[in-house]
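# pasted the sequence and its predicted model underneath.
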Amino acid sequence: MRKDLQISNQEIVLHIKDLKKSFGDNHVLKGFNMNLYQGENLVIMGKSGSGKSVMIKCLVGLLEADSGLIRVMNKDITGLDQRALDILRADIGFLFQGSALYDSMTVRENLEFPLRRHKDKFDDNIDTEALVSEALENVGLLNAIDLMPSELSGGMKRRIALARTLILRPKIILYDEPTSGLDPITAKEIILLMQDIQKKYKTSSLIITHDVDCARAISDRMILLIDGIDYATGTFEELASNEDPKIKAFFKH
Ligand SMILES: Nc1ncnc2c1ncn2[C@@H]1O[C@H](COP(=O)(O)OP(=O)(O)OP(=O)(O)O)[C@@H](O)[C@H]1O
């Protein structure tokens, strides 16, 4: 049975319909559609400059779309005020390129920071210490708790950034190029970690990547963003065996 049929009665946690965004004459998104189902790993692949970041920014409200519908857990984000958007954002974790840890803070302080920022999400007597330890254990780096970011390798920084994302128990995680800049072995470790986390917390993940090996390993389903639209959707195997030259171009090494 096809994967998209298997999951068709699952809850949709992210829904994008006919999303359009232009910058002057540069028509970046020309009617992009996407559904992310509860518990799945959906990979979006597109060439550099195809509009993947623009799509993500529209999704989290950092850019205003020209038209189209974006629903996050059944809420239309275009209709939300800043406060409602902030509450919704607490349910969405991001792992952006470059990890962006605060260089002047220890690992512990980097993890405490989002807890303070989103304290509404937790009750008053949360055990910060326990949450920080658990998040670090999840990424296998409890022993790095008192280190500064400058003392961490690239792979460790990526893991800590993931722990910082996880500490808020997001329902959805958006990964922007999670393996970029990492050597193949470290990239594989990050992929395994993403899989473990998905299993443990049943999160739904949207993963933007250029890395074909990452897409193969992690995706339940994929969407190819080509010419501003969701040009093709399917499993890795379905897309990798497609004869359309525009699709083939992604899979040849
Ligand atoms: N704020 C902006 N103002 C004007 N043009 C923009 C803006 N943001 C993005 N663009 C344009 O939108 C297009 C898509 O950019 P985007 O960053 O989404 O590409 P991408 O697919 O994420 O690329 P990469 O894989 O290289 O990160 C590019 O032509 C870019 O110049």
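Nice, thanks for sending it over.

# now the residue of the stretch 101-250 of the chain at minimum distance from the ligand. Its backbone dihedrals?
Relative to the ligand, the nearest point of the stretch 101-250 of the chain is His210 (6.5 Å; Cβ to the nearest ligand atom). For glycine as for every other residue, the C-beta is placed from the backbone atoms N, C-alpha and C. In this entry, His210 is assigned phi and psi values of phi -100, psi -10 (degrees, to the nearest 10).

# now do Leu206 against Pro149, distance only.
The gap separating Leu206 from Pro149 is 26 Å, by Cβ to Cβ, to the nearest Å.

# same question for Gly155.
Note on Gly155: its distance to Pro149, by Cβ to Cβ, is 13 Å.

# Asn242 too?
Following Cβ to Cβ, the distance that separates Asn242 from Pro149 is 42 Å.

# hmm, back to that, and Leu206 and Pro149? Which one has more around it.
When Leu206 and Pro149 are compared on other Cβ atoms under 10 Å, the one with more neighbours turns out to be Leu206, at 23 against 20.

# who's the nearest residue to Leu59 once chain neighbours are set aside bridged to?
Of all residues beyond its chain neighbours, the one nearest Leu59 is Ile70 (6.0 Å), with distances taken as Cβ to Cβ, 6 or more residues apart in numbering. Beta bridges link Ile70 to Ile16, judged by DSSP bridges.

# Ile70 reaches Ile16, doesn't it?
Yes. Applying Cβ atoms under 8 Å as the test, Ile70 and Ile16 come out as touching, 5.4 Å apart.

# residues shared between the contacts of the two?
Leu59 (Cβ atoms under 8 Å, 6 or more residues apart in numbering).

# mind listing what's buried in stretch 160-174?
Applying a neighbour-count criterion of 16 or more other Cβ atoms under 10 Å, one finds 160-168, 170-174 buried in stretch 160-174.

# point out where the stretch 51-200 of the chain drops to low pLDDT.
For the stretch 51-200 of the chain, residues meeting the criterion pLDDT under 70 lie at 98-99.

# tell me the residues of it that contact the ligand?
Residues of the stretch 51-200 of the chain lying close to the ligand (Cβ under 6 Å from any ligand atom) are Gly51, Lys52, Ser53, Val54.

# export those to a markdown table and tack on neighbour count?
What follows is those, written out as a markdown table (neighbours: other Cβ atoms under 10 Å):
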| residue | neighbour count |
| --- | --- |
| Gly51 | 25 |
| Lys52 | 22 |
| Ser53 | 18 |
| Val54 | 23 |
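
# mind listing what whichever strand or helix holds Leu29 pairs with, with the direction of each?
Under the criterion of DSSP states H and E, Leu29 resides in strand 26-37. As defined by DSSP bridges, the strand partners of strand 26-37 come to strand 12-23 (antiparallel).

# what mean pLDDT does the partner strand have?
If you average the pLDDT over strand 12-23, you get 96.

# now do the buried residues in it.
The neighbour-count check on strand 12-23 (16+ other Cβ under 10 Å) flags Ile12, Val13, Leu14, His15, Ile16, Leu19, Lys20, Lys21 as buried.

# any idea how many residues pack against the closest residue to the last one other than its chain neighbours?
Same thing as Lys21. The spatial neighbour of Lys21 that comes closest, neighbours along the chain excluded (Cβ to Cβ, 6+ apart), is Leu29 at 4.4 Å. Leu29 sits with 25 neighbouring residues when counted by other Cβ under 10 Å.

# what's the separation between the residue nearest the centre of the chain and Leu36?
Among the residues of the chain, the one closest to the centroid is Leu174, at 1.4 Å (Cα atoms, centre = their mean). For Leu174, the distance to Leu36 under the criterion Cβ to Cβ works out to 10 Å.
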